[in-house]
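Novice: Make a model of this:
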Amino acid sequence: MNRASFVHTSTALALVVAGPGFAAPPEGDETVRMVARFEASLLSTTDDPGFRRPGGVTTDLFGSVFVVDTGNHRVVHFDPNGRFVFEFGGYGWNEGELSSPTDASAREGFALFVVDAGNERIQWFDIGDSSPEGAVFPFREGAGLAGEELVLPSRVCVDPEGRVYVSDSLCHCVWIFTPTGALISRLGGLGQEPSRFRDPSGVAVGPKGRVYIADSGNRRIQVFDAIGNWIAAWGGPDEDFLDTPIGIDVDPHGNVWVADAGSAFIRVLTPTGALLFEFGGPGDGPGRFRTPVDVAVAPDGRVYVVDEEREVVERFWIVRETDGAK
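Specialist: Numbers count the residues shown, from 1 in each chain. Modelled structure (predicted):
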């Protein structure tokens, strides 16, 4: 069988690892299934009440994990083993303070970009410092509908070249900026037609510079090339392929991981948009979700899922099983 023949078991509590060999086809006529292993829930601190409506998670090149704790107006930093390192932010409107942050994206060189949604801006932090100071990302050249201001930023992604992608829910578009804040282009606008959006959310950049955007209101993922040309749409308003895709990530093999909040599943798609497998489903125990809103694949293959409603961030490891495996 080929790689399209993965077996899905809806009761499995685990996930697929993006590690070496993850994308390798099975040998001969083996049937392969990816079984998810729940590892742990991240704890912000030992004496802390925990996360409050967390909205996003991202990892950097070193495997550090950053959780956007929306209701507590902060970002929490964990090491690759899930140990608490420090937190930053806190409610306010000055530089370095946050109001209902929703997402973050790490860039090479210890820079972390954070969607400071309540203040309608993006801030970047030097995460090489245990007490990072924030700075407002200097958008220029008429970004957004209100002169030089974003309208309702929701998600952010920084690609390997340093370009900054910001989804804007109110103008139903995705803005693309240079590393210094100059506007490159805008994708989208309200609509159901190809390349149009309704409430766009997560953005991820994969191999060959392809851009994947969770078009939440249209129940689909849209794919663009590196210069903004539309390529494909996976799902749609009249299809049952996805329900409410929000968070999105791409692993090194080009597989696309989607946090589908409406169905309570994490869906993993091949580089051509076919369903590779899914895990999770409605529930309250480890490996089950109520409202998964983001997913991140770390360099070591661990996968982190944010469940906004359960107010947890869970870590998974993927195991590949073949016929006869125990």
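Novice: Tell me where this structure has helices.
Specialist: With helices called from DSSP state H, the chain shows none.
Novice: Find the nearest non-adjacent residue to residue 74, please.
Specialist: residue 89 (3.9 Å; C-beta to C-beta, 6 or more residues apart in numbering). Any C-beta I mention is one placed from the backbone N, CA and C, and that applies to glycine too.
Novice: cool, and residue 119?
Specialist: Nearest to residue 119 is residue 99, by C-beta to C-beta, 6+ apart, at 4.9 Å.
Novice: how far does stretch 177-195 stretch from start to finish?
Specialist: 18 Å (C-alpha to C-alpha, to the nearest Å).
Novice: what do you get for stretch 273-293?
Specialist: 20 Å.
Novice: Now it: buried residues?
Specialist: The neighbour-count check on stretch 273-293 (16 or more other C-beta atoms under 10 Å) flags 273, 275-281, 287-293 as buried.
Novice: Select from those every entry located in strands.
Specialist: Using DSSP state E, the subset of these located in strands is 275-280, 292-293.
Novice: Quick check: of those, which lies closest to residue 305?
Specialist: Using C-beta to C-beta, residue 292 comes nearest to residue 305 of those, at 5.5 Å.
Novice: I'd say that closest one and residue 280 touch.
Specialist: Yes - using C-beta atoms under 8 Å, residue 292 is in contact with residue 280, at 6.4 Å.
Novice: Spit out the residues that contact the two alike.
Specialist: Common neighbours of residue 292 and residue 280 (criterion: C-beta atoms under 8 Å, 6 or more residues apart in numbering): 264-266, 305.
Novice: What is the nearest of the ones in strands among the buried residues of stretch 273-293 to residue 74?
Specialist: Ranked by distance to residue 74 (C-beta to C-beta), these are led by residue 293 at 16.8 Å.
Novice: What residues does that closest one make contact with?
Specialist: Contacts of residue 293 (C-beta under 8 Å, 6+ apart): 54-56, 246-247, 259, 261, 306-308.
Novice: how about these in JSON lines, adding neighbour count and pLDDT?
Specialist: Listed next are the contacts of residue 293 as JSON lines, based on neighbours: other C-beta atoms under 10 Å; pLDDT from 0 to 100:
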{"residue": "54", "neighbour count": "27", "pLDDT": "97"}
{"residue": "55", "neighbour count": "25", "pLDDT": "97"}
{"residue": "56", "neighbour count": "31", "pLDDT": "98"}
{"residue": "246", "neighbour count": "26", "pLDDT": "98"}
{"residue": "247", "neighbour count": "29", "pLDDT": "98"}
{"residue": "259", "neighbour count": "32", "pLDDT": "98"}
{"residue": "261", "neighbour count": "24", "pLDDT": "98"}
{"residue": "306", "neighbour count": "31", "pLDDT": "98"}
{"residue": "307", "neighbour count": "24", "pLDDT": "97"}
{"residue": "308", "neighbour count": "24", "pLDDT": "97"}
